[in-house]
Each structure stands twice: as structure tokens, then as C-alpha cells.
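In: Below are the sequence and a predicted model; questions follow.
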Amino acid sequence: MGRLNDDNGNAVGLRWTLADDGMDLLERAGLAALYMTLRAAEEQAGDDAKANAVVEVLKWDLSSISVEIRWGEPKAAKKALETLFAFAWQIRDGVLYLPAVHREDRQRDTYFLRLSEHNGILNTFLQLDKIQPKGRDESHVETIDEDQQLVFRFQSLAGKSLVPHKVQTLSALFDRTGLRTAPVDLSSWISPGSARRFAESEQNWKPLADRAILLILAPIVCLYQQLQGTDRPKSEKKPWARIRDYLYVCPDIRDLFEFDATRPSMRLDPVSTTCPADAALGFVAEFASRTLRRESIAGCNVVMMGKVTYYGGRPGKKWSDQSVRKGVEDVSSEQDTIPLARTLHRIMPSHFRVQRDKYGSTSRPDIARPIGQFKIPSARGLIAENIVAGRPWYSDLLEIPKWELHALEKRRKDHRTQRENISLQRLWFHTLQDLQMKDQIMALIQSETFTDDDERLFIEAFWDILGAIFRREREAVRKQYNDGREITADQLKVASEHYRKHREYDRTAAGRYLKRRAEWNERVGRMLAQAKTQTLLGDAITILMRYALNEYRSATLTANPDTIRRFLKDRHEWKRALHLARLALATYQPKHKR
């Protein structure tokens with residue numbers, strides 16, 4: 001990082017490289033944004049007045065690791081950078097337009113294709129109204145496919161001045177001679193969370209103007225997502241006014257040319273994600289699949305931000321005025337995690353789900369009603385967290401994820417209104433056993449996601465144990481309640497529909513069998529939950545094997561008699577066996593359906 005000075009020592013240009021001292025992820029992202037903005041100005045020169053203005057006041061040299069800009073005279077610095085910021089940060093149709101990443105004509109002309117960056121930036125870097133004034137809340141329903149309609153909500157910036165264009169921002173960077181040499185105070189938005197907060201003796205973080213220029217541009221190339229499960233009303237009186245948690249992904253950039261060729265076409269999962277780990281894996285998999293060299297970027301930094309209650313807001317307000325950092329995830333992508341990340345997002349993509357009109361035609365008819373939304377499979381976030389943490393992907397899948405707590409609690413209240421007490425743990429187990437979710441996890445099991453073939457053999461052996469238990473119960477019910485006749489698939493279907501409708505099992509043979517099967521699921525789940533040690537797990541599985549295999553044989557265990565024993569006898573492997581047993585319990589299907 002260096003200044004290009006004239007004979008009097010005044011700056012007439014700047015040069016940065018990715019390897020400069022103090023270039024952290026955010027600064028390198030800012031350098032990439034500068035590189036991409038200048039490339040966009042080159043592409044649009046002759047067709048766009050703001051791009052023409054940039055070409056007139058600035059000269060530049062670009063390479064894969066460096067950017068150099070020159071403005072000629074020291075006092076021309078203010079006009080040159082003011083023109084650059086005016087082109088880099090624009091507003092169209094009330095929505096942010098960023099030429100560096102919105103390179104396609106369709107993105108420029110279609111506002112909702114730019115809403116990911118718009119909503120993300122306004123809820124992270126530019127969240128405070130005193131820094132970036134915002135307009136009215138707008139809501140529009142758009143048809144994105146023949147049978148898919150989505151509601152797009154955003155705060156319009158129509159008629160508002162962007163903070164990078166403001167006099168306060170520009171005056172902080174310059175003095176009478178040109179680019180300021182003293183540190184500048186812009187920490188409240190170019191580096192969220194670094195402003196003074198507590199003691200009077202604390203000082204705001206103040207960068208040099210050289211670095212501040214990069215940090216002003218850095219939000220442009222970050223990627224943004226809303227966190228699933230965080231949508232909540234701002235107040236009980238106005239349920240249509242919603243607040244949400246957001247995160248931004250700051251990539252670890254090592255090659256400016258490669259990133260410029262890849263970033264404009266990159267999009268993370270539509271609208272939302274489950275957790276920082278899921279967003280990080282989505283970015284790594286997406287970048288690795290699009291990069292020219294087919295090599296992954298080194299990694300990324302994911303910051304989750306949202307409003308909280310423990311700081312409190314103004315009197316009479318529940319939520320804090322400012323979003324704070326609620327989680328930070330540093331992810332370094334290793335080569336063996338990339339195929340697993342791609343497999344996870346291929347098998348468990350987000351899917352469109354029709355949503356009924358929550359508010360009807362009451363109270364606020366001017367707020368567009370939701371027609372549908374994209375939903376991410378609940379288990380994907382748990383699996384992503386395991387992959388990022390270096391654990392087996394199937395670890396702790398029966399643990400309730402925090403982003404599902406609100407939805408599960410709502411379902412439990414619905415069950416209570418029908419006089420059925422049910423635990424959150426049981427509801428989460430039912431979620432995993434949902435047909436679509438179970439099929440997706442089964443697809444993961446059958447794909448190349450295991451590091452050891454014995455893991456798959458263990459699951460198949462445990463499935464055989466569960467299958468033997470259920471066959472034994474089915475035989476008992478058949479003899480006692482069905483006059484010895486076989487329970488048919490149609491009878492089971494009718495009994496299942498009866499339970500879904502009335503929240504209780506009917507008294508037919510099929511209903512009694514389904515009830516016994518549910519009781520065995522809970523019993524085995526409790527046995528595995530209580531198996532806190534290697535000895536207790538061995539005892540639990542031994543009890544199940546003795547009960548199940550007394551009359552029925554397991555083909556897997558017959559062909560591989562040491563499969564279960566190897567896991568249970570090794571003090572380093574028994575926990576893996578516990579996770580595999582829970583995975584098998586949640587995904588069990590009869591052999592003819594696997």
C-alpha cells in the first residue's frame with residue numbers, strides 16, 4: 001500500500017496490492033471491489049455518463065494482485081474519488097445498483113435481482129438511519145416462474161443520498177492539499193462494531209485514508225443472506241412490520257482477475273440460509289464450481305448480525321436499535337470438504353413452498369401478502385456445521401437446531417390445542433422422518449459421503465435390528481387383533497391418515513401397529529440418549545440385538561459379524577457408533593424401500 005507523490009510530496013495516486021501490510025479480508029474485498037468497479041467503468045464507457053466521468057478523471061493499471069489509480073494533480077483527488085464513488089454506489093428503482101457485481105443488463109433493469117445486496121447491506125454495514133437514511137417500506141409480489149410467486153420486501157432508497165456520496169464522508173478523506181495524511185474517523189459503518197461503545201477513554205478505530213477508500217467499497221463484493229427462522233414481528237401491535245437477522249460473507253481473495261471473472265455470476269441460496277456454516281459452505285462450493293482454475297478460494301469470514309433484547313431499545317421498544325454481531329465463523333476450505341459441500345447443496349437444495357395469506361385482508365391492505373417462500377431443509381444447517389467443524393457430517397442430527405426452535409414451539413402449541421402433549425425433541429424427530437427429508441438424508445448415506453465403508457455397514461446392520469423389532473411387533477398385532485391376517489399397505493395408509501387428521505391412532509390392527517412402532521422409536525431414542533459412555537452404549541445395543549435377532553437374522557451382520565463390535569470396543573470410535581445409530585433410527589425404511 002503506497003501513495004504516488006509529486007515533487008512536493010502530495011499524493012497524485014495510490015497503489016495497493018493484496019500482499020500489503022494490514023490487508024485483512026475486508027481490505028482485500030475492498031481492493032477487489034475497486035478492481036471490479038474500474039473494469040465495469042471500462043465496459044460501460046461510451047454508454048453510461050457516470051462511467052465516462054470515471055474514465056475522464058482517473059487513470060489506472062490493473063493486475064491479478066494489484067490496483068493503481070492516478071488523478072494527476074493533488075487537488076484533483078476529491079473530484080476523482082467523488083466521481084468513483086458516484087459510479088460504484090448507485091440507486092435504481094429505489095434499490096442499490098452496484099456496477100461492479102451487477103454487470104448483466106437483466107440485473108440493472110430488474111430490481112428484485114439486486115435485492116440480496118440491497119437488503120443485506122442495509123441490515124449490516126448501512127443499518128443505522130443516522131448514517132444512511134432510508135425511505136418507506138415497500139412490498140411487491142412478482143412472478144418468478146409459471147407457478148411461483150414471491151413477495152419482495154425492502155426499504156426504498158428513492159430520493160435518498162448514499163453515505164459514500166455525502167459531504168461528511170468525502171470531507172473526512174481530504175484536506176486543502178488533497179488526500180488527507182492523518183487518520184480518518186469512519187469506523188461506525190466501514191468497520192461495524194469497531195466504534196467506541198463503553199468507557200469514555202475508549203477511542204474509535206481510525207484508519208488512514210488509503211485504507212478507508214477500500215473499506216468504503218468493501219460491502220459491494222460481499223455476499224448477503226437472511227437467516228431462516230429469525231423473521232419476527234417488530235411489535236405485537238404491528239405484526240406486518242418484521243425484523244430479521246442477516247449475515248454477510250467476506251471472501252478471502254487471492255486473485256483479483258479470477259474473482260472478477262467469478263463474482264458477478266455468483267448467487268448464494270435464494271433469499272435465506274440456516275446458519276453461518278451453511279452460508280460459508282454454499283459460497284465455497286459455488287466459487288469452486290465457477291472459478292476458471294477449478295480451485296477453491298482459500299476461505300471466507302461469515303458475520304451474523306441481528307437485533308437483540310438484552311441491550312434494549314428506546315423506551316417502549318423491545319428490540320435494540322442497532323444490529324450487533326451475533327456470531328462469527330472463519331472458514332478455510334480444504335479440498336476434501338468441497339465435494340462434500342457440493343453434494344450437500346445438490347441433495348438438499350432450497351425448495352419453493354406455497355404459503356397461505358397470514359394476515360388476510362385486515363389492518364394493512366397496502367402490505368403485499370406472501371404467496372410463497374423458499375424453504376431450506378432443516379437438517380442442512382446441522383450437517384454444514386459438522387463439516388465446517390471437522391466432525392462427521394452425521395453427528396448430533398437428533399439435536400434440535402436453534403433456527404427451528406420457534407417453528408417447533410409453534411407446532412407444539414398447535415398440538416396442545418388438540419389436547420396432545422408432545423415434546424420438542426419428538427417433533428424434531430418427526431421432522432427428520434418427513435418423507436422428503438428422509439429421502440434426502442438417505443441420498444446422502446448412499447452417496448460418497450463416508451470416509452469408511454464400515455460406517456455404511458453399521459447403519460445397514462442397525463436398520464436390520466430395527467426391522468426385526470418392527471416385524472416382531474407386526475406379527476404380534478396380526479395374531480392378536482387381525483385374526484391372523486396380514487396387515488396390508490392400504491390399511492397402514494388409512495391409519496396414517498387418521499393419525500395426521502386426529503392426532504391419535506385408531507383402534508384397528510394397522511393403527512395399533514403404528515402406535516407400537518412409534519413407541520419403539522421413542523424407546524430406542526431414549527436408550528441412545530442415555531448412552532453417555534462406551535459401556536452404556538454397548539449395553540443398549542446388546543439389549544436391542546438380543547430382543548430383535550432372537551427370531552430374525554440380519555444379513556449384514558451375518559456377512560460382517562465384526563461390524564458393530566469394532567465400533568463398540570474401540571474407545572475412540574464408540575461416539576461415532578452412537579451418531580450412526582441415531583442416524584439409522586431417524587432414517588429407517590423397510591428393506592424393499594431403500
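Out: Structure's in. What do you need?
In: What's the mean pLDDT across stretch 461-472?
Out: Stretch 461-472 shows a mean pLDDT of 91.
In: just stretch 348-367 next, same as before
Out: In the prediction, stretch 348-367 has an average pLDDT of 59.
In: Does residue 206 touch residue 172 like I think?
Out: No: with contact defined as Cβ atoms under 8 Å, residue 206 does not reach residue 172; the gap is 9.7 Å. C-beta: built from backbone N, CA, C; applies to glycine.
In: which residues do those two both contact?
Out: Common contact partners of residue 206 and residue 172 (Cβ atoms under 8 Å, 6 or more residues apart in numbering): 184, 185.
In: Tell me what residue 137 is bridged to.
Out: residue 155 (DSSP bridges).
In: Do you know the pLDDT at it?
Out: Note for residue 137: predicted pLDDT of 81.
In: Could you report the neighbour count for residue 444?
Out: Using other Cβ atoms under 10 Å, residue 444 has 21 neighbouring residues.
In: With residue 553 as the reference, measure out to it.
Out: Separation of residue 444 from residue 553 (Cβ to Cβ, to the nearest Å) stands at 28 Å.
In: Please say which of residue 206 and residue 172 ends up with more neighbours.
Out: Remark: of residue 206 and residue 172, residue 172 carries more neighbours, 17 against 14, as counted by other Cβ under 10 Å.
In: Skip the chain neighbours and tell me the closest residue to that one.
Out: Excluding the flanking residues, the one nearest residue 172 by Cβ to Cβ, 6 or more residues apart in numbering is residue 184, at 4.5 Å.
In: and the one you found, what helix or strand is that in?
Out: Using DSSP states H and E, residue 184 is not contained in any helix or strand.
In: Any buried residues in stretch 385-405, and which?
Out: 385-388, 392-398, 400-401, 403-404 (16 or more other Cβ atoms under 10 Å).
In: Go through the residues you listed and name the one nearest residue 212.
Out: Nearest to residue 212 among the buried residues of stretch 385-405, counting by Cβ to Cβ, is residue 388 at 31.9 Å.
In: Contacts only, for that closest one.
Out: Residue 388 makes contact with 277, 280, 281, 329, 331, 337 under the criterion Cβ under 8 Å, 6+ apart.
In: and the least confident of those?
Out: pLDDT across the contacts of residue 388 is at its lowest for residue 337, which sits at 77.
In: Need the pLDDT of the closest residue to that residue other than its chain neighbours.
Out: Using Cβ to Cβ, 6+ apart and skipping the chain neighbours, the partner closest in space to residue 337 is residue 387 (5.8 Å). Residue 387 carries a pLDDT value of 89.
In: Residue 387 contacts residue 277, doesn't it?
Out: Yes: Residue 387 is within contact range of residue 277, at 7.3 Å (criterion: Cβ under 8 Å).
In: circling back to that earlier point, now go through the contacts of residue 388 and say which are in helices.
Out: Among the contacts of residue 388, the ones falling in helices (DSSP state H) are 277, 280, 281, 337.
In: Tell me the helices and strands packed up against the lengthiest helix in the chain.
Out: Using DSSP H, we find that the single longest helix of the chain is helix 453-481. Secondary-structure packing of helix 453-481 (3 or more Cβ pairs under 8 Å, 6 or more residues apart in numbering; DSSP states H and E): helix 509-530, helix 534-548, helix 555-559, helix 563-569, helix 574-587.
In: In the longest one, which residues are buried?
Out: Of the residues in helix 509-530, 509-517, 520-521, 524-525, 527-528 count as buried by neighbour count, 16+ other Cβ under 10 Å.
In: which of these sit farthest apart?
Out: Going by Cβ to Cβ, the pair spanning the buried residues of helix 509-530 furthest: 509 and 528, at 28.8 Å.
In: so which of the helices and strands packed on helix 453-481 gets nearest residue 19?
Out: In terms of Cβ to Cβ, the element of the helices and strands packed on helix 453-481 nearest to residue 19 is helix 574-587, at 41.8 Å.
In: could you check the angle helix 509-530 makes with the closest one?
Out: 160 degrees (axes from the mean of the first three to the mean of the last three Cα atoms, to 10 degrees).
In: Show me what helix 574-587 is in contact with.
Out: 392, 394-398, 429, 432-433, 438, 441-442, 445, 455, 458-459, 462-463, 466, 521, 524-525, 528, 531, 534, 537-538, 541, 564, 567-568.
In: so how far is that helix from its chain's centroid?
Out: 26 Å (Cα atoms, centre = their mean, to the nearest Å).
In: and what of stretch 402-420?
Out: In terms of Cα atoms, centre = their mean, the centre of stretch 402-420 is set 24 Å apart from its chain centre.
In: Go through that stretch and flag the buried ones.
Out: Buried residues in stretch 402-420, counting neighbours by 16+ other Cβ under 10 Å, are found at 403, 404, 408, 411, 412.
In: That one - what's its average pLDDT?
Out: In this model, stretch 402-420 has a mean pLDDT of 77.
In: Alpha carbons only: can I get it in PDB?
Out: Taking Å, rounded to 0.1, in the frame of the first residue of the first chain, the C-alpha atoms of stretch 402-420 are listed here in PDB:
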ATOM      1  CA  LYS A 402     -31.700 -23.300  17.200                       C
ATOM      2  CA  TRP A 403     -33.100 -21.900  14.000                       C
ATOM      3  CA  GLU A 404     -36.000 -24.400  14.300                       C
ATOM      4  CA  LEU A 405     -36.900 -23.700  17.900                       C
ATOM      5  CA  HIS A 406     -39.600 -21.100  17.100                       C
ATOM      6  CA  ALA A 407     -41.300 -23.200  14.400                       C
ATOM      7  CA  LEU A 408     -41.200 -26.300  16.600                       C
ATOM      8  CA  GLU A 409     -42.600 -24.400  19.600                       C
ATOM      9  CA  LYS A 410     -45.500 -23.100  17.400                       C
ATOM     10  CA  ARG A 411     -46.200 -26.700  16.300                       C
ATOM     11  CA  ARG A 412     -46.200 -27.900  19.900                       C
ATOM     12  CA  LYS A 413     -48.800 -25.200  20.800                       C
ATOM     13  CA  ASP A 414     -51.000 -26.400  18.000                       C
ATOM     14  CA  HIS A 415     -50.700 -30.000  19.400                       C
ATOM     15  CA  ARG A 416     -51.700 -28.700  22.800                       C
ATOM     16  CA  THR A 417     -54.900 -27.100  21.400                       C
ATOM     17  CA  GLN A 418     -55.800 -30.600  20.300                       C
ATOM     18  CA  ARG A 419     -55.100 -32.000  23.800                       C
ATOM     19  CA  GLU A 420     -51.900 -33.800  22.900                       C
END
